[in-house]
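Student: test case, fold it:
(2 chains, ligands or ions: 2)
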Amino acid sequence: MSAAASTPAGGEVILRAEKLERRFGGLTAVSDFSFELREGEILGLIGPNGAGKSTTFNLISGFIRPSSGRLFLKGRDITGASAKKISRLGLVRTFQHDSLLSEMSVADNILIGTYHQRLAHDKRMEKVREVASMTGLADHLETIAGNLPHGLQRMLSIAIALAAEPQILCLDEPLTGLQGAEVGAALDLFERLRTKHGLTILLVEHNMRAVMRACDRVIVLNYGRLLAEGPPEAVSRDETVIEAYLGRGR
Amino acid sequence: MWNRSPGLWICVALAVGAVIFALLATNPYNTSLVVWILTNAVLASALRFVLQIGELNIATAAFFGIGAYATSITAVFLGWPFWLTLLLAPIVAGAFSALFGWVTLRTKGPYFLLISFAVTEVIRLIYTQTNAIGGNSGLIGMFPPMAIDAYYPALAVALLAATLFVLYGVERSDLGRLFKAIENNDAIPRSVGLNVIYLKVLCVVIASAAVGLAGGVHAYANNVIAPSDFTYFVAILALAYVKIGGEGHPFGPVLGATVLTLVGQWVAGISAWENIFYGAVIVVTLLVFPGGLVGLAARARGLVTRGAR
Ligand SMILES: Nc1ncnc2c1ncn2[C@@H]1O[C@H](COP(=O)(O)OP(=O)(O)O)[C@@H](O)[C@H]1O
Ligand SMILES: [Mg+2]
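Tutor: Residues are numbered from 1 along each chain as shown, chains lettered A, B, ... in the order given. Ligands and ions are numbered 1, 2, ... in the order given. Predicted coordinates:
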């Protein structure tokens, strides 16, 4: 059982990783990585390319198994649990690339997110319309996802995840390639999801301005290891973090 | 979509017409030809059904054979009632395919294709090596009961046509949408709490139950079956029907099976050339009209409606 630590940034610990490690052959993508996600917070997970952020997403969502370490979701040990089980426990993730069904309509994409539960068709369509209007897709339900403008494609990947009714939403670089106004709209959506729908969000993002604006707390990965942790302003001024980002070219 | 309900009603009318034809036609050659066309249509539709999840399942041929053998063995050796032996065909084929799918569907693409090919040939070799079920020469003597015999072709056509409608219905259901999602990007259904392996197995089981029933129907229609009826080539022909009829639409394989089976009757006389002929037709089709006959019809329709404006 996880300790019910109450903090100003959020509520109880909802997801906890303990000494997470994942090796791919000789390469260690994630190592000795412990962190906590608290209910109701927006936690930023940042780090240079190849730092192990997407691997961390794959680990916590059950897409791959850790080589060692443990994972707890809502106090339950989910180490080695299937993606299906973890999703149904309320943790749903998006993908950095190809996070939608490019050959299917927007409505069908979102519908897929509703199939984890038994529902009458009308109820499903109601859910689809509700999620579509939250994500600005209401006027595009019949469009083939691959033909959507890039910004709406990113929103669709979030919409699919929302249709699965998560408590914890893990977004892997959801703002990549978005235009200025689209970034603002997406950040507003994250804030609304947190305040109105009570979601907890784990956000991997390269756009530092957006991270500063959206996140309550930030953790920094470098070469698969935890480098720094704290409020966004503090982390962005941290010498070791700046070094990690700037010194990556060596 | 150009095919909503009018297309479906046309298909119902075609099916009813085929049943009436099988009932009334006096020439046994003609009635068995209609049964054979629908058998091929089910094989092709089942092959395409698994193509929905992106896999080319050569073992479609194997489950056709398993259905035929299940019916034949229980009819000839055990003397079980006609309906029970027919009912057993889709159940046994479906059960075997569940086992097959559970083991093999963790692989994809060329790996799955090769495994499904190998399984088909191994099962065929088992028939040839098992003298208890007739070895190389197979089984003979599957006859429908006297009371049904005269109507059997009509019954066969009705069962096969019903099977086609079931496959169509599943494709248009939520399950069909899930199959398509798996083919498009299986990480997405996985990420929203769906068991992708289970769904893929289900897809193969439904298709295999369909060809299993076709196998049982075939056994009674032909009265004799042999291992050589169930080689991988059955699936290759089914693929030709799918490609020529058009993969994009559920009616494609039915059309392809009809046209090629009829043409096949005509080229059968030049037997050595038969396979070369099929090969040439596939190549030409894929080059000239990759959407198959259905795609061609849709394009012609597009031209007509554009001209009418
Ligand atoms: N399936 C895999 N097989 C082998 N190496 C992998 C695999 N997934 C990720 N990696 C490696 O793990 C490291 C971390 O990758 P990733 O988690 O994608 O980084 P990030 O998302 O932070 O950019 C990289 O060196 C990457 O090449
Ligand atoms: Mg990444």
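Student: which stretches of chain B form strands?
Tutor: B:139-140, B:224-225 (DSSP state E).
Student: same check, this time on chain A
Tutor: Along chain A, counting by DSSP E, strands occupy A:13-24, A:27-38, A:42-46, A:68-73, A:76-77, A:91-93, A:168-172, A:200-204, A:217-222, A:225-230.
Student: tabulate these (TSV), appending mean neighbour count, distance to ligand 1 and mean pLDDT.
Tutor: From N, CA and C alone the C-beta is placed, and that goes for glycine too. Compiled in TSV, the strands of chain A are given as follows (neighbours: other C-beta atoms under 10 Å in any protein chain shown; distance: least, C-beta to the nearest ligand atom, whole Å; pLDDT from 0 to 100):
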stretch	mean neighbour count	distance to ligand 1	mean pLDDT
strand A:13-24	19	3	96
strand A:27-38	19	3	96
strand A:42-46	25	9	96
strand A:68-73	18	15	96
strand A:76-77	14	23	95
strand A:91-93	28	12	97
strand A:168-172	25	7	97
strand A:200-204	24	7	97
strand A:217-222	24	7	94
strand A:225-230	17	12	92
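Student: for B:Val254, see how far away the residue nearest in space to the middle of chain A is.
Tutor: The centroid of chain A falls nearest to A:Cys170 when counting by C-alpha atoms, centre = their mean (1.6 Å). Noted for A:Cys170: a distance of 45 Å to B:Val254, by C-beta to C-beta, to the nearest Å.
Student: quick one, what contacts the closest residue to chain A within chain B?
Tutor: In chain B, the residue that lies nearest chain A is B:Gly193 (3.5 Å; C-beta to the nearest C-beta). Shown in contact with B:Gly193 (C-beta atoms under 8 Å, 6 or more residues apart in numbering or on different chains): A:83-84, A:87-88, A:92, A:116, A:164.
Student: which ones among those residues are found in helices?
Tutor: If you go by DSSP state H, those have A:83-84, A:87-88 in helices.
Student: what is the nearest of those residues to A:His140?
Tutor: Closest approach to A:His140 among the ones in helices among the contacts of B:Gly193 (C-beta to C-beta): A:Ser87, at 25.1 Å.
Student: where in the chain is pLDDT low?
Tutor: Just going to use chain A. A:1-10, A:246-250 (pLDDT under 70).
Student: wait, I meant chain B there
Tutor: Applying pLDDT under 70 to chain B flags residues B:1-5, B:268-272, B:304-309.
Student: and chain A, which residues reach chain B?
Tutor: Contacts of chain A with chain B, taken as C-beta under 8 Å from any C-beta of the partner chain, map to A:61, A:63, A:82-84, A:87-88, A:92-95, A:98-104, A:108-109, A:111-113, A:115-116, A:121, A:160-161, A:163-164.
Student: what residues does the stretch 151-300 of chain B put near chain A?
Tutor: The stretch 151-300 of chain B comes close to chain A at residues B:174, B:177-178, B:180-181, B:184-185, B:187-195, as judged by C-beta under 8 Å from any C-beta.
Student: kindly give a single PyMOL line that selects the buried subset of the residues you listed.
Tutor: Applied in PyMOL, the following selects the buried portion of those according to 16 or more other C-beta atoms under 10 Å in any protein chain shown:
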select buried, chain B and resi 177+178+180+181+184+185+187+188+189+190+191+192+193+194
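Student: next, count neighbours for A:Phe57.
Tutor: 22 (other C-beta atoms under 10 Å in any protein chain shown).
Student: I'd guessed it sits against A:Leu221; true?
Tutor: No: using C-beta atoms under 8 Å, A:Phe57 is not in contact with A:Leu221, being 11.4 Å away.
Student: from A:Ile168, how far off is the closest residue to A:Arg65 other than its chain neighbours?
Tutor: Nearest residue to A:Arg65, sequence neighbours excluded (C-beta to C-beta, 6 or more residues apart in numbering or on different chains): A:Gly80, at 5.3 Å. According to C-beta to C-beta, A:Gly80 stands 18 Å off from A:Ile168.
Student: from ligand 1, how far out is the residue of chain B found nearest ligand 2?
Tutor: In chain B, no residue comes nearer to ligand 2 than B:Ala187, which is 14.0 Å away by C-beta to the ion. Distance, B:Ala187 to ligand 1, using C-beta to the nearest ligand atom, to the nearest Å: 13 Å.
Student: in this structure that residue contacts A:Gln96, no?
Tutor: No: judged on C-beta under 8 Å, B:Ala187 makes no contact with A:Gln96 at a distance of 11.1 Å.
Student: can you pull the contacts of B:Ser116?
Tutor: B:55-59, B:62, B:100, B:104.
Student: nearest to B:Leu213, of the residues you listed?
Tutor: For those, the nearest to B:Leu213 is B:Ala62 (14.7 Å; C-beta to C-beta).
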